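In: what's the 3D shape of this:
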Amino acid sequence: MDYLYSTDFLFLVGTSLAKTIFLIFLVVLPMVSYTVYAERRVSALIQDRVGPNRTGFPLSLIGGKDWSPFLGGLGQPIADAVKFLLKEDFVPAHVNKFYFWIAPTLSMMPAIVTLAVIPFGSTILGVPMVVANINVGVLFMFAISSVSVYGIVLAGWSSNSKYPFLGGIRSTSQMISYELGMGLSAVPVLLIAGSTSLPQIVEYQIHNGWMMLPYSNGHLGWGKTLLWIPIIISFVTFTISMFAETNRLPFDLPESETELVAGYHTEYSSMKFALFFLGEYTAMIAGSALIVVLYLGGYHVPGIPNGDAQGGIPILRHVPGLIWGIVNITAFFAKVAALLFVFIWVRWTLPRFRYDQLMKLGWLYIFEIALVNIFLTAGILACTH
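Out: You can find the predicted model right below:
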């Protein structure tokens, strides 16, 4: 009981709360909103359209000059949020109301909870930039993210409508198929880093080079060069599985607007629909963050000090550690933003798979390739260490 009132415990609770508020309310939710805006702008550029360019800030009302058409659409996420808040929350009479109500929450919450173990920065004033530093972070993410399928299944079943029901069934089969391949794809990284702790995996890459860029101490070792082969295979299979896990094109069969109207959330409106929307994009951010941590060095930037001005180019170590902590956080989310652009780019470039092609890819290719890749990695490690 004494520990509950100690300074260390209060400091831990206070810093964890501050990091949670920063991560969710100041980074993730604005990032979700403007990822939707970016998706509209990028899709417009790909399809030679204009995209949202009117909703903005009418500075002419206060004597200024209105923003240009390109910047005018920056107010679109705010308009969307207000629309969702003010729309009527219509619940059809034929639904199972209890499960209909909790399904959007079950879809949204796992994506947010998984962010707790992501190291989104080094340290600031000695405080590590991870909400929950647990030694099984990878397993925690896989376990919690798999819960989101229950929200989709309950939404499809409780709607008592054929299109949502079909979307829920598709999502169940899809997630079961690709979670296995995604978990196996990450094993080579765990074998090389020798840990399931996400901060330790980042630390390994800081000292030994990124998994996808194994350049350390000015040279590439022979063992490193050989390990690059299974790592590239792991990266490709993991990224494909992440597309399927987040129900993004070309794997958006649970939603599939051209076949199932809107899939599992056809009967939803107002904030319930918004929660599904937020859940999808938060899952994209969490998935991109996991890819960055496992393969792209996390918050690390070559030559930039990590933590309170540790390492990096010697002349840069005299800059205060607070600044480098902020630089590390910025670098991490810049990498995440780059991967989000890839998610958007793929959606508006590739056609949707047929459902039999989706299942065949998961069970007959991703699963087998990921499994063989584990043995390949273990063999290389055994021969080079």
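
In: Pull up the distance across stretch 84-99, start to finish.
Out: End-to-end distance of stretch 84-99 (Cα to Cα, to the nearest Å): 21 Å.

In: Contacts for that stretch next, please.
Out: 100, 154, 157-161, 267, 269-274 (Cβ atoms under 8 Å, 6 or more residues apart in numbering). Just so you know, the C-beta spots here come from the backbone N, C-alpha and C atoms, and that holds for glycine as well.

In: same thing with stretch 179-195?
Out: So stretch 179-195 is contacted by 135, 138, 142, 146, 196, 200-201, 204-205, 211, 227, 230-231, 233-234, 237-238, 241-242, 245, 294-295, 362, 366-367, 370-371, 373-374, 376-378, 381 (Cβ under 8 Å, 6+ apart).

In: Please list the members of those that lie in strands.
Out: The members of those all map outside strands under DSSP state E.

In: Now list the buried members of those.
Out: Buried members of the contacts of stretch 179-195, scored by 16 or more other Cβ atoms under 10 Å, are 138, 142, 146, 196, 200-201, 204-205, 211, 227, 230-231, 233-234, 237-238, 241-242, 245, 294-295, 362, 366-367, 370, 373-374, 376-377, 381.

In: And for residue 93, the neighbour number?
Out: Applying other Cβ atoms under 10 Å, we find 6 other residues in the vicinity of residue 93.

In: now it: how far from residue 267?
Out: 11 Å (Cβ to Cβ, to the nearest Å).

In: Find residues that contact each of the two.
Out: In terms of Cβ under 8 Å, 6+ apart, residue 93 and residue 267 are not both contacted by any residue.

In: Ignoring the adjacent residues along the chain, who's closest to residue 339?
Out: residue 288 (3.8 Å; Cβ to Cβ, 6 or more residues apart in numbering).

In: doesn't residue 343 make contact with that neighbour?
Out: Yes: using Cβ atoms under 8 Å, residue 288 is in contact with residue 343, at 7.1 Å.

In: Comparing these two, which residue is more hemmed in?
Out: Taking other Cβ under 10 Å, residue 288 and residue 343 do not tie; residue 288 has more neighbours (25 against 21).

In: so what's residue 148 closest to, chain neighbours aside?
Out: Closest to residue 148 by Cβ to Cβ, 6+ apart is residue 110, at 4.3 Å.

In: Please, which helix or strand holds the one you found?
Out: helix 97-114 (DSSP states H and E).

In: need the longest helix for this structure.
Out: Using DSSP state H to define each element, the chain has its longest helix at helix 162-193.

In: in that helix, what's buried?
Out: For helix 162-193, by 16+ other Cβ under 10 Å, it's 163-175, 177-193.

In: Check stretch 75-91 too.
Out: Counting neighbours by 16+ other Cβ under 10 Å, one finds that the buried residues in stretch 75-91 are 75-77, 80, 84.

In: how distant is it from the center of its chain?
Out: The chain centroid and the centroid of stretch 75-91 are separated by 24 Å under Cα atoms, centre = their mean, to the nearest Å.

In: picking up where we left off before, rounded mean pLDDT for the host helix or strand of the residue nearest to residue 339, please.
Out: If you go by DSSP H and E, residue 288 is part of helix 270-295. Averaging pLDDT along helix 270-295 gives 89.

In: for stretch 141-155, same thing?
Out: Stretch 141-155 shows a mean pLDDT of 85.

In: just the CA coordinates of stretch 38-53, formatted as CSV?
Out: Taking C-alpha atoms only, stretch 38-53 is exported to CSV below (Å, rounded to 0.1, in the frame of the first residue of the first chain):
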residue,chain,number,x,y,z
ALA,A,38,-5.2,12.8,-47.6
GLU,A,39,-7.0,9.8,-49.0
ARG,A,40,-9.5,12.0,-50.7
ARG,A,41,-6.8,14.3,-52.1
VAL,A,42,-4.5,11.4,-53.3
SER,A,43,-7.4,9.5,-54.9
ALA,A,44,-8.4,12.7,-56.7
LEU,A,45,-4.9,13.2,-58.0
ILE,A,46,-4.8,9.5,-59.2
GLN,A,47,-8.2,9.8,-60.9
ASP,A,48,-7.5,13.3,-62.3
ARG,A,49,-10.2,14.9,-60.1
VAL,A,50,-10.2,18.0,-57.9
GLY,A,51,-11.0,16.5,-54.5
PRO,A,52,-12.2,18.4,-51.4
ASN,A,53,-11.1,22.0,-51.9
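
In: ok, and for that stretch, which residues are buried?
Out: In stretch 38-53, counting by 16+ other Cβ under 10 Å, buried: 38-44, 51-53.

In: Format these as CSV; extra columns: secondary structure.
Out: Below are the buried residues of stretch 38-53 laid out as CSV (DSSP: H, G, I helix; E, B strand; the rest coil):
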residue, secondary structure
38, helix
39, helix
40, helix
41, helix
42, helix
43, helix
44, helix
51, coil
52, coil
53, coil
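
In: Most widely separated two among the residues you listed?
Out: Across the buried residues of stretch 38-53, no pair lies farther apart than 39 and 53, at 14.7 Å, counting by Cβ to Cβ.

In: what about the residue nearest to residue 350 when sequence neighbours are not counted, helix or strand, and which?
Out: Among residues not flanking residue 350 along the chain, residue 250 sits closest, at 4.5 Å (Cβ to Cβ, 6+ apart). Assigned by DSSP H and E, residue 250 falls within no helix or strand.

In: and residue 250, how many neighbours?
Out: Residue 250 has 18 nearby residues by other Cβ under 10 Å.

In: worst-scoring helix or strand of this structure, pLDDT-wise?
Out: Lowest by mean pLDDT, DSSP states H and E among the helices and strands of the chain is helix 69-72, with a mean of 55.
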